[in-house]
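Enquirer: heads up, no residue letters with this:
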């Protein structure tokens, strides 16, 4: 896929991760056709004014590809090794629900 011109981008952030969608979003996806989330669905939702939110990762965080079962299992093991001792032993701070979502805007 060719890169879009810089003036066509909504943001300088990448769209990657795990997407959580309300059931009604499926109505925006045409049946029986390839429909890319980043190229087709998300721009359409923004044009329609459908609220979209994101959680940007901080500089000390990173993304892990879980596109295959092997990579998914590897990520699970890494997550357990890095995060479980902290969350299971100490638990989150009271009221700590993570970062606030940032609403995406069309510009």
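Expert: Sure thing, it's come through. Quantities reported herein were computed from a predicted structural model and do not represent experimental measurements.
Enquirer: Please tell me how far residue 81 sits from residue 75.
Expert: Separation of residue 81 from residue 75 (Cβ to Cβ, to the nearest Å) stands at 11 Å. C-beta coordinates here come from the backbone N, C-alpha and C atoms, glycine included.
Enquirer: Between the two, which is the more surrounded one?
Expert: Comparing residue 81 with residue 75 by other Cβ atoms under 10 Å, the one with more neighbours is residue 75, at 14 against 9.
Enquirer: So the more buried one sits against residue 64, correct?
Expert: Yes. Applying Cβ atoms under 8 Å as the test, residue 75 and residue 64 come out as touching, 4.5 Å apart.
Enquirer: Overlap of the contact sets of those two?
Expert: Shared contacts of residue 75 and residue 64, defined by Cβ atoms under 8 Å, 6 or more residues apart in numbering, are absent.
Enquirer: Now do the strands in the protein.
Expert: Assigned by DSSP state E, the chain shows strands spanning 53-54, 102-103.
Enquirer: and the first one, which strands flank it?
Expert: Looking back up the chat, that one is strand 53-54. strand 102-103 (antiparallel) (DSSP bridges).
Enquirer: For the partner strand, give the mean pLDDT please.
Expert: Taken as a whole, strand 102-103 has a mean pLDDT of 58.
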